[in-house]
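[1] quick check, what structure comes out for this input:
(chains A and B)
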2 protein chains.
Amino acid sequence: MKLVNVGTVAFDSIETPFGKAEKVIGGAATYISYAASLYTGDIGLVSVIGDDWPEQEIKNLNDRGVDTGGLQIKKGEKSFFWAGKYHQDLNSRETLATELNVLADFKPKLPESYKEARFLMLGNLTPEVQISVLDQMKEKPLLTAMDTMNFWIDVAPDALWEAIKRVDVLIINDEEARQLSGEYSLVKAAEKILSKGLKYLVIKKGEHGALLFSDHHVFFAPALPLAEVFDPTGAGDTFAGGFMGYLADTNDISLENMKRAVIHGSAMASFCVEEFSLDKLKKVDNQLLTGRLKEFVDLVNFEIDLT
Amino acid sequence: MKLVNVGTVAFDSIETPFGKAEKVIGGAATYISYAASLYTGDIGLVSVIGDDWPEQEIKNLNDRGVDTGGLQIKKGEKSFFWAGKYHQDLNSRETLATELNVLADFKPKLPESYKEARFLMLGNLTPEVQISVLDQMKEKPLLTAMDTMNFWIDVAPDALWEAIKRVDVLIINDEEARQLSGEYSLVKAAEKILSKGLKYLVIKKGEHGALLFSDHHVFFAPALPLAEVFDPTGAGDTFAGGFMGYLADTNDISLENMKRAVIHGSAMASFCVEEFSLDKLKKVDNQLLTGRLKEFVDLVNFEIDLT
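    Modelled structure (predicted):
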């Protein structure tokens, strides 16, 4: 299998200054799968849902080449639910409800075919669950990436660091990088975090772009300046999905290709925020993607004589 | 004359988390002149000081090729003084003191040789003062740029718009762009502001880089991720100085050259914040600048196949 991704599959209720969406399809693994499946068809999804989950939504994933053999369905239980409200500037949000439901005692179980995946993406979950997935792999993937959140930095730092030390790429946002490192400067934060053994650190800065750090390099990908950001939900996971999907398809983890992967992730995230839920991602095809990538190239393109 | 710049020449007292600097040399026109004079020697400075200003500091400007024939010295009066304190994140500051002194009734008077300048930079001052400079020009410069601040947007919007309509480039920060346009999205803000007749709008986003908007293009220049930002005072003016100095030297206002000018401005600003006052700018030579420009090129450089 080219890419396995582990994370939440959820119902979201979202309120933004532009409208409301009640109980729509969400979850990290859903966004990752949708974005990655534009690049490669050989994807496995590991998650858990209740029997309230629409069968059609599983079929939609399968139609995109996403295998759901690792998606547990708990009879008589309810799927994970999150409700949130974004403030006027869309940069901050408050959580209105978090109902763990099936997620409370989620024990991921990887089908045999998943255990030799070339690429592995660990979406935001408890560090213990992330580690249990790593433990199930038969071979170390060519590249493993993980996400986390401020809550786990607070309540489970030891387990979190144990997980981080076992992966190649950590993909987090600027506030998480600061909290995890205790450094305000992202350059210093990156130095500290990379020193734990990671190959790459990606720091997402939302509307301000994303930074890719390796031991001796820093690369910056801008965010596309958009006239309208409709709903930021899932943008970070969509970034991770585009990033990992591109890498899994090209099977190349050189620095130059990681840079391209960051641009692809940024391009996919720029689509995600244009509509609620997966609405826009469902419409993205290769032609739309190529046009968007061209906008990124034009955005930062300059020629300067350095002699 | 290649470049005339108008703005404050001031004493600053600055407190950052890293230290204090009492009554050091500052002011928009000072930073603009220091940055621009790395590019071209034919610069005129229009401002006002008291007789408390050190003669050596005037000599320092002259030594850099900055003509001070437009610098009024008011006998028995004190120079403009600003004191401020930066918060831990260096992104916000509070003003501890503003003593206008000689600035209170500043009436700029351009020497004859300044009135046919090819490039004109109007640093942040009252819109009336900016307009009085425009009125004194014998010919429209090839390019005129201006800065402003939230205070003038609040108290003198009509005069401010009158000034904006007479220049080619407005250089402001993101908060000012939002306040001036009433739009949160910088893309929408730029559309609104550009519709008033400007050729270009530069929106500075501090540590998040700078955007250059024209009618049909948007260009993004990143800020260099720095391990230490020592003192942000003057960074915006240094940006404007590098931007206008590069344009004045190359005498080319095509979009491609404006992009290069934004990169040069960003590079100069990245030096400014490394030490107090003009300390770092005094040390910057062409070799240091070329190295820094190369860092900018590397930071955003990627190659992607769009076929």
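[2] pull out the buried positions in stretch A:112-123.
    A:114-115, A:117-123 (16 or more other C-beta atoms under 10 Å in any protein chain shown). To be clear about C-beta, it is placed using only N, CA and C from the backbone, and glycine gets the same treatment.
[3] mind putting these into a markdown table with distance to chain B?
    Formatted as a markdown table, the buried residues of stretch A:112-123 follow (distance: C-beta to the nearest C-beta, whole Å):
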| residue | distance to chain B |
| --- | --- |
| A:Tyr114 | 30 |
| A:Lys115 | 33 |
| A:Ala117 | 25 |
| A:Arg118 | 21 |
| A:Phe119 | 20 |
| A:Leu120 | 24 |
| A:Met121 | 21 |
| A:Leu122 | 26 |
| A:Gly123 | 25 |
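[4] in helices, which of these appear?
    Secondary structure defined by DSSP state H assigns none of the buried residues of stretch A:112-123 to helices.
[5] redo the residues you listed as a markdown table? Include pLDDT and distance to B:Ile193.
    Output for these, formatted as a markdown table (pLDDT from 0 to 100; distance: C-beta to C-beta, whole Å):
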| residue | pLDDT | distance to B:Ile193 |
| --- | --- | --- |
| A:Tyr114 | 98 | 52 |
| A:Lys115 | 98 | 56 |
| A:Ala117 | 98 | 50 |
| A:Arg118 | 98 | 49 |
| A:Phe119 | 98 | 44 |
| A:Leu120 | 98 | 47 |
| A:Met121 | 98 | 41 |
| A:Leu122 | 98 | 44 |
| A:Gly123 | 98 | 40 |
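[6] residues near A:Gly241, how many?
    Neighbour count for A:Gly241, taken as other C-beta atoms under 10 Å in any protein chain shown: 35.
[7] that one contacts A:Ala28, correct?
    No - under the criterion of C-beta atoms under 8 Å, A:Gly241 is not in contact with A:Ala28, lying 9.0 Å apart.
[8] filter the buried residues of stretch A:112-123 down to the ones in strands?
    Members of these lying in strands (criterion: DSSP state E): A:119-122.
[9] just send those residues back as CSV, with distance to A:Gly19 too.
    Output for these, formatted as CSV (distance: C-beta to C-beta, whole Å):
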residue, distance to A:Gly19
A:Phe119, 35
A:Leu120, 36
A:Met121, 30
A:Leu122, 32
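[10] what's the closest of those residues to A:Ile172?
    Taking C-beta to C-beta as the measure, A:Ile172 lies nearest A:Leu122 of these, at 12.1 Å.
[11] ok, what's across the strand from that closest one?
    Beta-bridge partners for A:Leu122, by DSSP bridges, are A:Val6, A:Met146.
[12] closest one of the buried residues of stretch A:112-123 to A:Thr98?
    Using C-beta to C-beta, the buried residues of stretch A:112-123 come closest to A:Thr98 at A:Gly123, 15.8 Å.
[13] just give the nearest non-adjacent residue to the closest one, would you?
    In space, and not counting its chain neighbours, A:Gly123 is closest to A:Gly7: 2.4 Å by C-beta to C-beta, 6 or more residues apart in numbering or on different chains.
[14] for the buried residues of stretch A:112-123, which one is nearest A:Trp82?
    Closest to A:Trp82, out of all of these and judged by C-beta to C-beta, is A:Gly123, at 13.5 Å.
[15] tell me the spacing between the closest one and A:Leu226.
    Separation of A:Gly123 from A:Leu226 (C-beta to C-beta, to the nearest Å): 24 Å.
[16] one more: A:Pro232?
    11 Å.
[17] of the ones in strands among the buried residues of stretch A:112-123, closest to B:Lys205?
    Once C-beta to C-beta is applied, the member of these that ends up nearest B:Lys205 is A:Met121, at 30.3 Å.
[18] give the contact list for the closest one.
    Going by C-beta atoms under 8 Å, 6 or more residues apart in numbering or on different chains, A:Met121 touches A:3-7, A:32, A:36, A:144-147, A:240-241, A:244.
[19] please state the offset of stretch A:25-40 from the chain centre?
    8 Å (C-alpha atoms, centre = their mean, to the nearest Å).
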